[in-house]
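Student: Please find the sequence and the predicted model below.
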Amino acid sequence: MHRFKEKVVIVTGAASGMGEATARRFSEEGASVVLVDRNAEALGKVVADLPPERSMTQVVDVSQSAAVDAMVSAVVDRFGRLDVIVNNAGVHEAGEPADISDERWRNVMATDLDGVFFGCRAAIPHLEKTKGAIINTASVSGTGGDWGMSPYNAAKGGVVNLTRALALDLGKQGIRVNSVCPSLTRTGMTKDMLKDEALVAKFTQRIALGRVCEPHEVAAVIAFLASDDASFVTGANIAVDGGVSASNGQPAQD
């Protein structure tokens, strides 16, 4: 498919995991893709095998609004337009609430929530021209609580409701806003968790499909939400969770 030929797409957090998979998916479908991350070395490795005439990297900390504004301006300067922004960059902090310092709290909120808003805000005037789309990476952790993950839960919960609010505010401008809510996915953020076989077994007991999500599976849903196939979908927080959210929390019956 070439649903995004002549379209311009920004993907934040594109140096690994879901962001990398998403950038590759859009490139495969013909888009000019801007890969954004704080890790310049990792970005370079990802972009090395993408078409140079349709690829661009930007080393940006999305928690800094001025840097995000400058990045979006640089994209439009090079490609002349913007059709899609995928606000995917994120970090994670875990621990008991009493042990979460101000710095650790702000680190998560600044990247996972502020960074999403900054990306949306900077993109609005350009997406209005193209009747484009915003896709935010939220999480099942934004639709329900976890033990020992209060900063992440708060930030991703904010992304879920920010997505709804922006969909209402921007619909009249022809901009669609949606999010994806993955469950446990094989990424750099989860690599240590995935080494713990007992922990993975506990997770998969709650996943109807019985396995961990792969980054390309999230990327496929993001691409759908960005495409004309989803032309009447906005304000949706789409579970990409293998059935986790289908459960009411009771254990499986043998």
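Tutor: Cool, got the structure.

Student: okay, CA-based contacts and neighbour counts for the rest of this
Tutor: Noted.

Student: Go through this structure and flag its longest helix.
Tutor: helix 150-170 (DSSP state H).

Student: Output that helix in PDB, but only the C-alpha positions, please.
Tutor: What follows is helix 150-170, C-alpha atoms only, in PDB (Å, rounded to 0.1, in the frame of the first residue of the first chain):
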ATOM      1  CA  SER A 150       1.800   6.300  39.600                       C
ATOM      2  CA  PRO A 151       3.700   8.900  37.500                       C
ATOM      3  CA  TYR A 152       3.300   6.900  34.300                       C
ATOM      4  CA  ASN A 153      -0.400   6.300  35.100                       C
ATOM      5  CA  ALA A 154      -1.000  10.000  35.600                       C
ATOM      6  CA  ALA A 155       0.800  11.000  32.500                       C
ATOM      7  CA  LYS A 156      -0.800   8.400  30.200                       C
ATOM      8  CA  GLY A 157      -4.200   9.100  31.700                       C
ATOM      9  CA  GLY A 158      -3.600  12.700  30.800                       C
ATOM     10  CA  VAL A 159      -2.800  11.800  27.200                       C
ATOM     11  CA  VAL A 160      -6.000   9.800  27.000                       C
ATOM     12  CA  ASN A 161      -8.200  12.700  28.000                       C
ATOM     13  CA  LEU A 162      -6.100  15.300  26.200                       C
ATOM     14  CA  THR A 163      -6.700  13.200  23.000                       C
ATOM     15  CA  ARG A 164     -10.500  13.500  23.600                       C
ATOM     16  CA  ALA A 165     -10.400  17.200  24.400                       C
ATOM     17  CA  LEU A 166      -8.200  18.000  21.300                       C
ATOM     18  CA  ALA A 167     -10.500  16.000  19.100                       C
ATOM     19  CA  LEU A 168     -13.400  18.200  20.200                       C
ATOM     20  CA  ASP A 169     -11.500  21.400  19.800                       C
ATOM     21  CA  LEU A 170      -9.800  20.600  16.500                       C
END
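
Student: Does anything pack onto it? Which helices or strands?
Tutor: Here helix 150-170 touches helix 102-108, strand 133-137, strand 176-182, going by 3 or more C-alpha pairs under 8 Å, 6 or more residues apart in numbering; DSSP states H and E.

Student: Residue 76: which of those is closest?
Tutor: Set against residue 76 and scored by C-alpha to C-alpha, the helices and strands packed on helix 150-170 come closest in strand 133-137, at 15.4 Å.

Student: now for the closest one, which elements pack on it?
Tutor: So strand 133-137, by 3+ C-alpha pairs under 8 Å, 6+ apart, packs with strand 84-87, helix 115-130, helix 150-170, strand 176-182, helix 215-226.

Student: so the helix or strand where residue 23 lies versus strand 133-137, what angle?
Tutor: Assigned by DSSP states H and E, residue 23 belongs to helix 17-28. Relative orientation of helix 17-28 and strand 133-137, computed by axes from the mean of the first three to the mean of the last three C-alpha atoms, to 10 degrees: 150 degrees.
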